[in-house]
Every structure is written in structure tokens, then in C-alpha cells.
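>>> Just the structure for this:
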Amino acid sequence: MNSTTPRHHELSLYREYFELVAAGTKTIEVRVKYPRLADLAAGDTIRFRIKGTDETCEVRVERVTEYPDFEALLDGEDPANVNPTAPRDEQLSNIRAIYPPEKEVLGALAIQIGRLI
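Predicted structure coming up:
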């Protein structure tokens, strides 16, 4: 497979974030830069699933931007696109509750997504 071939990824989401993605109001997904996400690129698709359920939502990756940490990510992206229901400081706290410091040091990815119909 060459590097320009779009890939398909499967990722889990908490219900509250899944609902925002499904509604099209959450357009930036935040992830730690795990090695398995290193090849994530514009044009790829992601199938989000609520863990333990059959509920899925497919999106197209429009852009992937790397940041050194979550603070820099929220400075570089519009927090309203990350979570339109929470202010920036609450978002940072929520993200860090999901990803401990030893994960954050791997780097942060802002994944701009668009809902597939």
C-alpha cells in the first residue's frame, strides 16, 4: 500500500463525545500521538464506536496537526470545535483526566473531522 492510499481506523469514544461527533458539532478530535496513529492523514476515515456497544459513527479526516501537549493544542485550535459544551479550562482538565501525564508527553494530535453521511 502506498502512502497516499486512504486508511481506515477504528477508535473508541465516550458517549458524550460520540454524540457531539454524530451531531457534527465536535469537529476536532483530540488524541495522544500513539505510534498506531502516526500514519493518520487527511483523507483517511475513522469509525468511532462507543465502547461496549454497536453504536458507530464514521468521519473523514480533513487535517491532522501535532502539538507538544494538550495546552498547546487548545491554544492552537478553537476549543469550541473540540467540545462546544465546555469552556477551555474544563476541556483541558477533562482531557488530562483521560490521558495521564505519561501519555501526554508522547504529544497531542488535533484531528479535524467531517461527518460522513
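
>>> Quick check: which element contains the spatially most central residue of the chain?
The residue lying closest to the centre of the chain (CA atoms, centre = their mean) is residue 29, at 2.2 Å. For residue 29, the host element (DSSP states H and E) is strand 28-32.

>>> how about the CA coordinates for that strand, as CSV?
Only the C-alpha atoms of strand 28-32 are listed here, as CSV (Å, rounded to 0.1, in the frame of the first residue of the first chain):
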residue,chain,number,x,y,z
ILE,A,28,-11.7,18.4,16.3
GLU,A,29,-10.9,15.1,18.0
VAL,A,30,-8.0,15.1,20.5
ARG,A,31,-5.7,12.0,20.8
VAL,A,32,-2.3,11.2,22.2
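
>>> which residues in the protein form helices?
All helices of the chain, identified by DSSP state H, fall at 15-23, 70-76, 79-82, 88-98, 101-104.

>>> Select, out of those, the one closest to residue 51.
For the helices of the chain, proximity to residue 51 was assessed by CB to CB; helix 15-23 is nearest, at 9.0 Å. For glycine as for every other residue, the C-beta is placed from the backbone atoms N, C-alpha and C.

>>> hang on, residue 71 packs against residue 93?
No - using CB atoms under 8 Å as the test, residue 71 is too far from residue 93 to be in contact (11.3 Å).
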